[in-house]
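Participant: Need the 3D shape of this:
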Amino acid sequence: MKPEVKNILNNSVKSGWVLEPLAKEIIKSYGLAASIFVWAKTMEEVLQGAKKVGYPLVAKIVSEKIIHKSDVGGVVVGVRDNNQMLEVFEKFSKLDGFDGVLLDEMLSGSEVIFGSKNDAQFGVVVMIGIGGTAVEVYKDVALRMAPVTKEIAVAALHSLKGIKLLQGYRGKEVVNLEKLAQAVVKFSDMAYDLKDEVESMDLNPVMCNKDKATVADARIILKTK
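Facilitator: Okay, here's the model as predicted:
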């Protein structure tokens, strides 16, 4: 485990989970692509960060006390300009435990979900599925034991009922399954490497297109000690 990752995990023990901007730093350290983002804590930083990320963007509350951001109105998609950005900042600043705003680029492509669970009996289980509402409604997922090889990752992707959605179904952009499989392997390696510290991880969505697979949202839950 890299020292910077260990440091983030150690500093997150009190809350029991890793704040999203720090979770994205962890996944980047394992070679996964993450959306362009800025963690801004003041109005000035927000405006500077928005300029770097570019409008339209996604704004998310950062708070140790809010793990399910959407439940409290802590996610705003399609922020279009500085005026709206400042309105969002004012709204978020009133939420419990406010520790800034995560400014995230808006990504296009097909949604996939990666997940992992550290099972006491079986070890680290990795889950790959079609993202968005499909994973909730159809439960279209594949489960594999970590560490996952590229061959296993490819087979898991092709086992999904929704694989056609990634292959250009009805005019949708064809997903680069090679890059997606590589991302699955990197995620699996990360889950296995962090198994002593991390209880579960969710990358949802991972936005996939013809060029790459990019993590748009990340959640890391730590083991209770």
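
Participant: same question for stretch 51-68, mean pLDDT?
Facilitator: The average of the pLDDT scores along stretch 51-68 is 97.

Participant: So what sits opposite Val215 in the bridge?
Facilitator: Assessed by DSSP bridges, Val215 has beta-bridge partners Ala34, Val206.

Participant: now it: how far from Asn10?
Facilitator: Distance, Val215 to Asn10, using CB to CB, to the nearest Å: 23 Å. To be clear about C-beta, it is placed using only N, CA and C from the backbone, and glycine gets the same treatment.

Participant: Who has more neighbours out of the two?
Facilitator: Neighbours per residue (other CB atoms under 10 Å) separate Val215 from Asn10, with Val215 holding more: 23 against 11.

Participant: mind checking the longest helix of this structure?
Facilitator: helix 177-193 (DSSP state H).

Participant: Give me the pLDDT for Glu111.
Facilitator: On the pLDDT scale, Glu111 gets 93.

Participant: separation between it and Met127?
Facilitator: Distance of Glu111 to Met127, given as CB to CB: 14 Å.

Participant: Please apply the same query to Ser70.
Facilitator: Counting by CB to CB - Ser70 and Met127 are separated by 21 Å.

Participant: In terms of neighbours, single out the busier of those two.
Facilitator: Ranked by neighbour count (other CB under 10 Å), Ser70 and Met127 place Met127 first, with 20 against 10.

Participant: quick one: Phe37 and Met106 touch, right?
Facilitator: No. At 11.3 Å, Phe37 and Met106 do not qualify as touching, with contact defined as CB atoms under 8 Å.

Participant: Comparing the two, which shows the higher neighbour count?
Facilitator: When Phe37 and Met106 are compared for neighbours, Phe37 comes out ahead with 21 against 17, by other CB under 10 Å.

Participant: chain center to stretch 139-147: distance?
Facilitator: Stretch 139-147 sits 17 Å away from the centroid of its parent chain (CA atoms, centre = their mean, to the nearest Å).

Participant: Stretch 189-202 now?
Facilitator: The answer for stretch 189-202 is 14 Å, by CA atoms, centre = their mean.

Participant: Repeat that for stretch 157-165.
Facilitator: Taking CA atoms, centre = their mean, the mean C-alpha location of stretch 157-165 is offset from the chain mean by 21 Å.

Participant: Pull it out as CSV, backbone CA atoms only.
Facilitator: Extracted as CSV, the C-alpha positions of stretch 157-165 are listed here (Å, rounded to 0.1, in the frame of the first residue of the first chain):
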residue,chain,number,x,y,z
LEU,A,157,-18.5,-8.4,-18.8
HIS,A,158,-19.7,-10.7,-21.5
SER,A,159,-21.8,-12.6,-19.0
LEU,A,160,-23.9,-9.5,-18.3
LYS,A,161,-27.4,-9.5,-19.9
GLY,A,162,-26.9,-5.8,-20.7
ILE,A,163,-23.7,-6.4,-22.7
LYS,A,164,-25.5,-5.2,-25.8
LEU,A,165,-25.8,-1.8,-24.2
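
Participant: Nothing else from me, thank you.
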